[in-house]
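Asks: quick check, what structure comes out for this input:
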Amino acid sequence: MNYFNYQSPLRAFIKGMIREKRSLGYKYDSSPRILYKFDQFCLQYGCAGAGITKKLVFAWIQRKPNESLATLHNRASVVRQLALYITRLGVQAYVLPKDSLPKMPGYTPYIFSDKEMAALFKQADACHYCAEVPLRHRIMPLLFRLLYGCGLRISEALNLRPQDVDLDAGVLTVVDGKFNKDRLVPMAPENTRRCRGYMKDVHLFSDENAYFFPAPDGRRLSR
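Replies: Just a heads-up that it's a prediction; the model follows:
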């Protein structure tokens, strides 16, 4: 969890909104960084009071060179949330109308066919030993199958530890997942069998602090 040294006149409101979001179960990991940048922007802009003016908001949402619409939308949206939070506390703040937010580019999810998934697993199974990443050929076949078969987010899979994999019950324990909650995820018998073989090959002598999918230095495997 990241902590930032907010210094503008809005700092108490920023910290309060972050606490509220997290108390409601949101991880709220990326927005505090945006709020820190807004906090610094307020200092440079010369904000004197604890409110948010229309002029300040429109200065903040000016698109930067080479900035994507998605990034601009996120910046504007987070400050809009802050303004809503401040107004609920009885302090004057300009709330950017929702229809004034930068339009996000359309997104159409891609659904892989069975043939494409079979080709993906074939490529994962074809990973060979590499001295720089010595466990790659062990990790990739299983990682892709857990992502697909268990519906895990990539961060959830990479955060797994050996004790989170119950080989007897065929169940994964996802710790601190969505909404900061733990959950149990059943595995198909084939994935349980693969996990059993992987555990013998990779974690026979691992301690409890090891990651199920370790990087070469033993730390969490990065994306």
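Asks: give me the phi and psi angles of residue 107.
Replies: Here is the backbone geometry of residue 107 (degrees, to the nearest 10): phi -130, psi 130.
Asks: repeat that for the one 4 residues further on.
Replies: Residue 111 adopts backbone torsions of phi -100, psi 120, taken as degrees, to the nearest 10.
Asks: who are the contact partners of it?
Replies: Going by Cβ atoms under 8 Å, 6 or more residues apart in numbering, residue 111 touches no other residue. The way it works is simple: take the backbone N, C-alpha and C, and place the C-beta from them, glycine included.
Asks: what's the answer for residue 201, then?
Replies: Per Cβ under 8 Å, 6+ apart, neighbours of residue 201: residue 138.
Asks: so which strand or helix has it?
Replies: If you go by DSSP states H and E, residue 201 is part of helix 189-202.
Asks: how about that helix: buried residues?
Replies: For helix 189-202, a neighbour-count test (16 or more other Cβ atoms under 10 Å) marks 191, 192, 194, 195, 198, 199, 202 as buried.
Asks: distance between it and the chain's centre?
Replies: Centre-to-centre, helix 189-202 and its host chain are 27 Å apart (Cα atoms, centre = their mean, to the nearest Å).
Asks: for stretch 158-171, same thing?
Replies: 21 Å.
Asks: need the contact partners of that stretch.
Replies: Residues outside stretch 158-171 that contact it (Cβ under 8 Å, 6+ apart) are 172-176, 184-189, 191-192, 195-196, 199, 203, 206, 208-213, 220-223.
Asks: in strands, which of these fall?
Replies: The strands in this structure, assigned by DSSP state E, contain 172, 173, 174, 184, 185, 186 from the contacts of stretch 158-171.
Asks: who is the last one paired with across the strands?
Replies: Put plainly, it is residue 186. residue 171 (DSSP bridges).
Asks: for it, grab the count of nearby residues.
Replies: 13 (other Cβ atoms under 10 Å).
Asks: make residue 1 into 681 and carry on from there
Replies: Sure thing, new numbering starts at 681, so read that last one as residue 866.
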